[in-house]
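>>> Turn this into a model:
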Amino acid sequence: MREKYIVRQPIKNAGSQVIGYEILYHGENQAYGNEEATNDFAAADTVYNFLLQNVERSLKGPVHFMTFTTNLLMRKAPRLFGKESLVIQIDDSVIIHPFAMRFVQQFARDGYKIAVNEFRFSPRYMALMGEIDYIKLNFETTADASLRNIIEMAHSMNKQCIATQVETEEIYNKAVSMGVDAMQGSYVAQKLATKAHTSGYLQSNFFRLMVAVVQEEPDMEEIEQIIATDATLTYGLLRVANTAYFSTSRVTTIRQAIMTLGIGQLKQWIYLLSASNAENEIDPDSEEFLKLSFMRASFCSELMRYAKNMPISRTDAYLMGMFSTLDYLIAAPLEEILSTVPVAEEIKDALLRHEGRCGALYDLAISYERADWKNINVYAEKLGIATNLLTSTYFSCTEEVNMIWKQLTEMESYAPAEEA
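Below is the predicted model of the structure:
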């Protein structure tokens with residue numbers, strides 16, 4: 001069976017803020033965008049059909065970079081998306097094609113932004129400078145002198161430079177020192193902010209919770225859903241519910257925690273948290289981690305529908321993904337944090353040591369997040385998950401998370417007025 005995956009890889013600036021995503025395709029045991037003409041038609045068909053069926057869910061949020069082959073350009077695939085949300089990437093196979101560049105130039109005239117992969121000093125690349133907006137540089141294979149010259153030239157012409165293949169801390173530091181505008185690669189995808197964060201949450205969640213709990217007949221399902229979108233709220237609630245004051249038995253789910261506290265104590269807990277954090281506005285890094293934890297939680301939970309012989313429930317898998325970023329949201333080691341809440345031992349083993357079938361599930365989610373094609377196959381096979389289910393599951397989760405996050409952040413922008 002031939003595996004085909006489509007995944008989003010984050011593109012971040014030096015401050016670790018996500019400025020966009022690259023849509024990466026992997027199929028025919030090759031990464032999409034390779035120069036083998038024999039694979040181009042198959043790749044074009046697969047990508048085009050997928051995008052046609054998933055146009056509404058594929059490109060949500062920040063701008064998305066996508067490599068288009070000659071066949072995709074000639075089929076006018078970029079027109080599936082609005083020019084405000086898409087950057088058309090091209091590589092050497094397009095640049096040397098006698099007709100493909102005509103399409104690129106037309107898309108540029110129509111207002112689409114253009115990026116060039118693996119830019120190099122040569123006449124055919126320099127001739128493109130009038131049409132392109134982004135220059136992508138392979139920091140793993142390009143000589144330092146060439147990198148510096150291209151970056152200096154690009155910035156003098158108001159072009160942005162993106163470092164690719166940033167796979168190690170050494171390459172990351174080199175890219176930062178050379179003044180690139182953004183970076184991508186496995187190290188960037190997994191790199192988390194170095195500064196410690198205090199417990200962060202979206203204020204809009206508090207407003208929603210406050211409204212929900214003061215209703216004459218509070219909707220417990222609604223309250224559960226609100227808390228479930230926020231890693232720090234989930235952790236805080238489980239920790240409180242498992243204190244000796246409230247419970248003599250293990251409370252392991254959000255629903256159990258809500259029922260253990262009761263609506264009266266839940267109100268007090270929300271008010272106390274709101275007051276204690278009133279002066280601490282969430283920073284962009286914490287917000288990004290909250291969204292990342294939400295995405296991992298959703299993906300792990302959905303993968304449980306297909307994984308074989310799992311020792312945990314879908315709820316446990318959700319918590320596993322949700323808690324995976326807690327050590328960055330709360331300034332403490334993850335092992336110490338997990339010791340304060342009664343999560344399943346399998347979850348602790350997965351998050352701390354990547355052990356067992358739960359560890360394989362967590363590693364599958366992380367591998368997909370980082371576009372680690374080799375390990376995606378390894379973990380999917382270990383769990384008995386058909387690889388053709390991964391992309392649709394991933395994008396269903398992405399769509400759900402983006403929709404809910406949009407609602408949350410829209411509420412966030414109105415928070416001060418509501419508070420007043």
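>>> how far out from the middle of the chain is stretch 223-231?
Put simply, stretch 223-231 sits 19 Å off its chain's centre (Cα atoms, centre = their mean, to the nearest Å).
>>> average model confidence for it?
For stretch 223-231, mean pLDDT is 86.
>>> which outside residues touch it?
201-202, 205, 208-209, 212-213, 233-234, 237, 254-255, 258, 266, 289-290, 293-294, 297, 318, 322-323, 325-326, 329, 404-405, 408 (Cβ atoms under 8 Å, 6 or more residues apart in numbering). In short, each C-beta sits where N, CA and C put it, glycine included.
>>> Pull out the buried positions in it.
With burial defined by 16 or more other Cβ atoms under 10 Å, the residues of stretch 223-231 counted as buried are 223, 224, 226, 227, 228, 229, 230, 231.
>>> go on, stretch 71-82?
71, 72, 73, 75, 77, 78, 80, 81.
>>> How much space separates the first one from residue 250?
By that I understand residue 71. To residue 250, residue 71 is 56 Å away according to Cβ to Cβ, to the nearest Å.
>>> tell me which element the residue positioned nearest the centre of the chain falls in.
Centroid check for the chain by Cα atoms, centre = their mean gives residue 292 as the closest residue, at 5.7 Å. Using DSSP states H and E, the element containing residue 292 is helix 284-303.
>>> give me the number of residues near residue 349?
When neighbours are defined as other Cβ atoms under 10 Å, residue 349 has 16 of them.
>>> go on, residue 110?
10.
>>> Now it: phi and psi?
Here is the backbone geometry of residue 110 (degrees, to the nearest 10): phi -80, psi -10.
>>> Report the spatially nearest residue to it, omitting neighbours in sequence.
Among residues not flanking residue 110 along the chain, residue 83 sits closest, at 6.6 Å (Cβ to Cβ, 6 or more residues apart in numbering).
>>> list the contacts for the one you found?
110, 111, 112, 113 are the contacts of residue 83 under Cβ under 8 Å, 6+ apart.
>>> Okay, the third one and residue 105: tell me how far apart.
For residue 112, the distance to residue 105 (Cβ to Cβ) stands at 11 Å.
>>> between these two, which one's more packed in?
The neighbour comparison of residue 112 against residue 105 (other Cβ under 10 Å) goes to residue 112, with 20 against 14.
>>> Tell me where this structure is predicted with low confidence.
Low-confidence segments of the chain, defined by pLDDT under 70: 1-5, 26-61, 190-207, 210-211, 214, 244-248, 268, 271-287, 329-332, 407-420.
>>> List the contacts of stretch 154-166.
For stretch 154-166, contacts defined as Cβ under 8 Å, 6+ apart pick out 11, 115, 117, 129, 132-141, 150-151, 171-172, 175, 178-188.
>>> Mark which of those residues are buried, thanks.
If you count burial by 16+ other Cβ under 10 Å, the buried members of the contacts of stretch 154-166 come out as 11, 115, 117, 132, 134-139, 150-151, 171-172, 175, 178, 180-188.
>>> Which members of these are positioned in strands?
11, 115, 134, 135, 136, 137, 138, 182, 183 (DSSP state E).
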